[in-house]
Every structure is written in structure tokens, then in C-alpha cells.
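Novice: missing the sequence, but the structure's below:
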């Protein structure tokens, strides 16, 4: 397994990160990876203004792994309601399945657990994304049964191709430090 170097995104990364996140989830390019949402949603996966706010606000970090010429992977970790929140997780679809995502998820968990001393990490996943949910379950997350509505009508989060989308909250409780 290769060693990854992590860094915190700056506002100058916004165009490259929008491209990366979109390539991992939307359109034909996303189909080369397993994280595609192309059959569920069209349009944007991340809005540049939302990304800017995530980069600039306190208790929030966008973590990046750089590739040779562009970001290889990114994720957002933040403090929300006394817990870590994990989102905007993207790995270049042509580079998926090589451990990069595992390393990035572990780094975001480390930040929430060790730097911010939070007891739990939460995320929301579209509940019909069974392969993605299984990925997280294998990494210690559990389904909470808490469902949240999909933001229909807010194109900053995509244009739904079906009318039954909703989010489920997954969470992982951190054990005591070793």
C-alpha cells in the first residue's frame, strides 16, 4: 500500500475539487469507478460556494490527497452537533480500489477523534446506494435508521432522476484511545 500525504484545501483548490468530485459521482466519467450516482442524479455534485464555505468555516476541514497533476482524492470533515461529520468523499474514478479512499477516511476519522476529541463520526448516504453503504459498514459504521429528505428542488446538490431519494445517517462510535 502506498503512503499518502494529506493536506488541507484552500480556496484556490475549489475548481480542481469541483472537477474531482463531479468526476467521481456524475456523468459518464463516473461510471469507470464504483461510486457513480449517474443513474440517480444529474447536474452538480458540489456547489463551488458551498465548498468555499466548508473550506473557510471554523471546525471544518477539506482534506486532499494530491495526484501527479490534480487532486486524487478529497473529503470534508467537520464538527456538527457534537459529532464529526464526514462528506464530499471523492476519489478519482480511474484510481479507485487502491486503498486511497480507506486512507482518506482513516485520516478524517483521526482528525475527528484525536484532534477534535469527538465521540462519533456521522455521514449521510443516499439509502439506495447499497454498495456504498456496505463499504462503510465494513469500516465500522452502522445504519442508524434515521432518514432525512433529499433536497429536491435545490440544484446545488444535483438534479434527481427519480423521486424516491432520501438520506440515511450512518455513524461510527470511536473507542477509547489505545
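Specialist: Nice, I can see it. In this text, all values refer to a predicted model and were calculated from it rather than measured experimentally.

Novice: which non-adjacent residue is nearest the residue nearest the centre of the chain?
Specialist: Nearest to the mean C-alpha position of the chain, by C-alpha atoms, centre = their mean, lies residue 89 at 2.2 Å. Excluding the flanking residues, the one nearest residue 89 by C-beta to C-beta, 6 or more residues apart in numbering is residue 75, at 4.4 Å. For every residue, glycine as well, the C-beta is placed using N, CA and C.

Novice: in its sheet, what does the lowest-mean-pLDDT helix or strand in the chain sit against?
Specialist: Every helix and strand of the chain was ranked by mean pLDDT, DSSP states H and E. The lowest is strand 41-42, at a mean of 72. If you go by DSSP bridges, strand 41-42 pairs up with strand 159-160 (antiparallel).

Novice: Would you confirm that residue 72 belongs to a strand?
Specialist: Yes: residue state for residue 72 (DSSP: H, G, I helix; E, B strand; the rest coil) corresponds to a strand.

Novice: Residue 66 is in contact with that one, correct?
Specialist: Yes: judged on C-beta atoms under 8 Å, residue 72 makes contact with residue 66 at a distance of 6.2 Å.

Novice: Tell me which of those two has more neighbours.
Specialist: residue 72 (20 against 16; other C-beta atoms under 10 Å).

Novice: Now that one. Nearest residue, chain neighbours left out?
Specialist: residue 65 (4.9 Å).

Novice: residues contacting that neighbour?
Specialist: 4-6, 71-74, 100, 103-104 (C-beta atoms under 8 Å, 6 or more residues apart in numbering).

Novice: farthest-separated two in the residues you listed?
Specialist: 71 and 103 (14.0 Å; C-beta to C-beta).

Novice: Give me the more crowded residue out of the two.
Specialist: Taking other C-beta under 10 Å, residue 71 and residue 103 do not tie; residue 71 has more neighbours (21 against 18).

Novice: So which bits of stretch 13-24 are buried?
Specialist: Within stretch 13-24, the residues that qualify as buried are 13-14, 16-24, counting by 16 or more other C-beta atoms under 10 Å.

Novice: can I get these in CSV with pLDDT and distance to residue 155?
Specialist: Listed next are these as CSV, based on pLDDT from 0 to 100; distance: C-beta to C-beta, whole Å:
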residue, pLDDT, distance to residue 155
13, 97, 23
14, 97, 18
16, 96, 22
17, 96, 19
18, 93, 14
19, 92, 18
20, 93, 20
21, 91, 15
22, 86, 13
23, 83, 19
24, 80, 19
